[in-house]
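> Need the 3D shape of this:
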Amino acid sequence: MEDRLSAAFSALADPTRRAILARLAQGDAAAGELAAPFSISQPAISKHLKVLERAGLISRGREAQWRPCRLEAATMREMAGWLENYRRFWEGGFDRLDAYLKDLQKGDPDAPHN
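Got it, this is the predicted structure:
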């Protein structure tokens, strides 16, 4: 069985699915509402929704005739937490590069040269 992070990042690889998530960030919506901005069929939208649901990024409910889709924050938080480690890594590297470049601009003779 595929882990949830892999499924979530795979689901986000598609621009249509990212657009669907962006719309759901504004509030719950039915599949028909989510399909409106796209020139694809209702079955195609349903497939996208199934991928997002399997990845844990959305859930679908039932309220009488309305089947709302809603964003699931838990998986997004898990993804953000995973990415946070790499953000810190890259920011640390950029901070070191910035300090090195400032030392070079000052003509610091002790600046390491590779």
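> alpha carbons only for contacts and neighbour counts from here, please
OK.
> Which residues belonging to the lowest-mean-pLDDT helix or strand in the chain are considered buried?
Across the helices and strands of the chain, the lowest-confidence element by mean pLDDT, DSSP states H and E is helix 73-106, at a mean of 84. Neighbour counts over helix 73-106 (16 or more other C-alpha atoms under 10 Å) mark 75-76, 79, 100 as buried.
> so what secondary structure elements neighbour it?
helix 4-11 (3 or more C-alpha pairs under 8 Å, 6 or more residues apart in numbering; DSSP states H and E).
> Helix 4-11 and the least confident helix or strand of the chain, what's the angle between them?
Angle, helix 73-106 to helix 4-11, by axes from the mean of the first three to the mean of the last three C-alpha atoms, to 10 degrees: 80 degrees.
> quick one: helix 73-106 to chain centroid distance?
Distance of helix 73-106 from its chain centroid, counting by C-alpha atoms, centre = their mean, to the nearest Å, is 18 Å.
> what does stretch 38-49 give?
For stretch 38-49, the distance from its own C-alpha centre to the chain's C-alpha centre is 20 Å (C-alpha atoms, centre = their mean).
> ditto for stretch 14-25
Averaging C-alpha positions (C-alpha atoms, centre = their mean) puts stretch 14-25 9 Å from its chain's average.
> if we look at it, which residues are touching it?
11-12, 34, 48-49, 52, 69-71 (C-alpha atoms under 8 Å, 6 or more residues apart in numbering).
> Narrow the residues you listed to those in helices?
11, 34, 48-49, 52 (DSSP state H).
> from those residues, which single one is nearest residue 86?
residue 11 (20.2 Å; C-alpha to C-alpha).
> since we're on that closest one, how many residues are nearby?
By other C-alpha atoms under 10 Å, the residues close to residue 11 number 23.
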